[in-house]
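K.L.:
Let's see this in three dimensions:
(2 chains)
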2 protein chains.
Amino acid sequence: MNKQQLIDNIRRKQTFLCVGLDTDIKKIPDHLLDEPDPVFAFNKAIIDATADLCIAYKPNLAFYECLGVKGWQALEKTVKYIRQQYPDQFIIADAKRGDIGNTSAMYARSFFEDLQVDAVTVAPYMGEDSVTPFLTYDGTWVILLALTSNKGSHDFQLTEDAGGERLFEKVLRTSQQWAGSDRMMYVVGATQGRMFEDIRKVAPDHFLLVPGVGAQGGSLEEVCRYGMTEDCGLIVNSSRGIIYASRGTDFAQAARAAAQEVQQQMAAQLKQLC
Amino acid sequence: MNKQQLIDNIRRKQTFLCVGLDTDIKKIPDHLLDEPDPVFAFNKAIIDATADLCIAYKPNLAFYECLGVKGWQALEKTVKYIRQQYPDQFIIADAKRGDIGNTSAMYARSFFEDLQVDAVTVAPYMGEDSVTPFLTYDGTWVILLALTSNKGSHDFQLTEDAGGERLFEKVLRTSQQWAGSDRMMYVVGATQGRMFEDIRKVAPDHFLLVPGVGAQGGSLEEVCRYGMTEDCGLIVNSSRGIIYASRGTDFAQAARAAAQEVQQQMAAQLKQLC
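P.N.:
As a prediction, this is how the structure comes out:
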């Protein structure tokens, strides 16, 4: 999916919500455990209940890998299901990979040739040749970690160099030499509040993937105030707040209600753009 | 495996070689492609041919993930085989993971509960709470990226802060507050030469996992001169140089010969410790 298609989807559906499929077998409703593939059954129900309210899905690889072979099967089925049923969805493999060139190339092959997602999250620590192998496929995206939502983001990402540039700013600036805003996005946690102003100074046009609204305490209103561009420029993720809104047999209905609440807030924010 | 057991293995076997199982289905000998699980068949032959010459195996997750479900099966079988046949081997899942706490905890579950490896490589960019979930299992290790072997290591890892401390040095220093040298190691590329001197100033007692000897051009002699401690303190990895020493039916024999050559060089280095 290219940038313009993504922007068009956001305008048409009046939402920039990404539903995070952090599907934990220990947290899904009991009645699904009798299904042949409980994780896929859960995801399918969540997707069907939310697809008109969001523009992206983000399976978090950790939650599938921890189930071994069965987890990979559930992940493959989930991505395929979205592709077939809801082809306008942007699919992000939240993997936070990053390794030497030949290894990153192998990861890229997994995500773009086999799974066929649109984007993969990548950690910047190993630099250019760990990132660019993800850019060799037509129309795919890298979403690079810049300023994350967790407490540990303060340990290294805010370190200032001798010229006063912080590490996350250096990541934003340097990585723009590797790809433009039509191929690269950045992860910026919703918990970072006014830091979005600083991010926009370095990356005015890039889409930002924003986790941390909901369970992690970030504010959608603040993210929009400081981070929104005239093309929206935001994909805001919510995982736990939506997919675990209920653990009963009404889980899909509850997920829809939770997603709808966020979508309505997003529609209000998008109105301000026109 | 604890630190003393690792040191004992190195002394007894006169080697600190780690064989990297970067097993690429496109590079293994043709005659193995008729096997029900070619990747496992290849790994098993390599392991049987090299187990007395090395103290560790390091499957690189990218090479298994790119095969989807079959890759995970091959990985699980490989780890189980090493555990059962060669229980003195230290097994490293080279995964370079690192995510917010609840996600890192899921990855830790995959690697330590399900796969049952000894150690996992972790990227430091997201800080403390992305790393410490890997330390909640008894006797397991985190191997944190510090100064990697690739060209892109210069992009961010060498950035100096206002006080002149480089990012990799800050990673080494800060992470020592999270765990001691009995639970944490660092990745330092063999291509970094004299930088090992600087590493040892900050981390004098830690084991270093050293990729980059062989195909990437690092020198074992230089790594030992600047990086070796009185307990050896090094696990030097070679992947391509050993496992692809031949692509014919003699591949296992050729891998053994290549591993033996490295082991003999290592034995010579270890003699200087006594």
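K.L.:
Output the below-cut-off pLDDT ranges for the stretch 151-274 of chain A.
P.N.:
Where the stretch 151-274 of chain A drops to pLDDT under 70, the residues are A:274.
K.L.:
what's the pLDDT at the closest residue to residue A:69 other than its chain neighbours?
P.N.:
Using Cβ to Cβ, 6 or more residues apart in numbering or on different chains and skipping residues adjacent in sequence, the residue nearest residue A:69 is residue B:72, 4.8 Å away. Just so you know, the C-beta spots here come from the backbone N, C-alpha and C atoms, and that holds for glycine as well. The model reports residue B:72 with a pLDDT of 90.
K.L.:
is it fair to say residue B:72 lies in a strand?
P.N.:
No - secondary structure of residue B:72 (DSSP: H, G, I helix; E, B strand; the rest coil): helix, not part of a strand.
K.L.:
shouldn't it be in contact with residue A:66?
P.N.:
No - Residue B:72 is beyond contact range of residue A:66, at 11.3 Å (criterion: Cβ atoms under 8 Å).
K.L.:
Comparing the two, which residue is more hemmed in?
P.N.:
Remark: of residue B:72 and residue A:66, residue B:72 carries more neighbours, 24 against 21, as counted by other Cβ atoms under 10 Å in any protein chain shown.
K.L.:
Quick one: residues contacting that one.
P.N.:
Counting by Cβ atoms under 8 Å, 6 or more residues apart in numbering or on different chains, residue B:72 touches A:68, A:69, A:72, B:64, B:65.
K.L.:
Neighbour-wise, which one of those leads?
P.N.:
Within these, most neighbours by other Cβ under 10 Å means residue B:64, with 26 neighbours.
K.L.:
still on that earlier bit, and which of the contacts of residue B:72 is nearest residue B:41?
P.N.:
For the contacts of residue B:72, the closest approach to residue B:41 (Cβ to Cβ) belongs to residue B:64, at 14.2 Å.
K.L.:
what does the stretch 1-150 of chain A have sitting close to chain B?
P.N.:
A:22, A:24, A:60, A:62-63, A:65-66, A:68-69, A:72-73, A:76, A:94, A:96-104, A:106-107, A:109-110, A:114, A:123-131, A:145, A:148-150 (Cβ under 8 Å from any Cβ of the partner chain).
K.L.:
In helices, which of those appear?
P.N.:
When the residues of the stretch 1-150 of chain A next to chain B are checked against helices (DSSP state H), the matches are A:62-63, A:65, A:69, A:72-73, A:76, A:101-104, A:106-107, A:128-131.
K.L.:
What count of nearby residues applies to whichever residue of the stretch 1-150 of chain A sits closest to chain B?
P.N.:
Distance from chain B to each residue of the stretch 1-150 of chain A (Cβ to the nearest Cβ) is smallest for residue A:127, at 2.4 Å. Residue A:127: 23 surrounding residues under other Cβ under 10 Å.
K.L.:
ok, for it, nearest residue in space, not its chain neighbours?
P.N.:
Nearest one to residue A:127, counting by Cβ to Cβ, 6+ apart, is residue B:152 at 2.4 Å.
K.L.:
phi, psi of the one you found?
P.N.:
Main-chain dihedrals, residue B:152, degrees, to the nearest 10: phi -60, psi -10.
K.L.:
Quick one: residues contacting it.
P.N.:
Contacts of residue B:152 (Cβ under 8 Å, 6+ apart): A:126, A:127, A:128, A:129, A:130, A:131.
K.L.:
Same question for residue A:227.
P.N.:
Contacts of residue A:227 by Cβ under 8 Å, 6+ apart are A:188, A:196, A:199, A:200, A:208, A:210, A:233, A:234.
K.L.:
could you redo those as CSV and give each row secondary structure and distance to residue A:167?
P.N.:
CSV is the format used below for the contacts of residue A:227 (DSSP: H, G, I helix; E, B strand; the rest coil; distance: Cβ to Cβ, whole Å):
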residue, secondary structure, distance to residue A:167
A:188, strand, 13
A:196, helix, 17
A:199, helix, 13
A:200, helix, 18
A:208, strand, 17
A:210, strand, 19
A:233, coil, 22
A:234, strand, 22
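K.L.:
Those residues into TSV, with extra columns for distance to residue B:52 and neighbour count?
P.N.:
Formatted as TSV, these follow (distance: Cβ to Cβ, whole Å; neighbours: other Cβ atoms under 10 Å in any protein chain shown):
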residue	distance to residue B:52	neighbour count
A:188	50	30
A:196	57	23
A:199	54	22
A:200	58	18
A:208	52	26
A:210	52	27
A:233	58	22
A:234	56	26
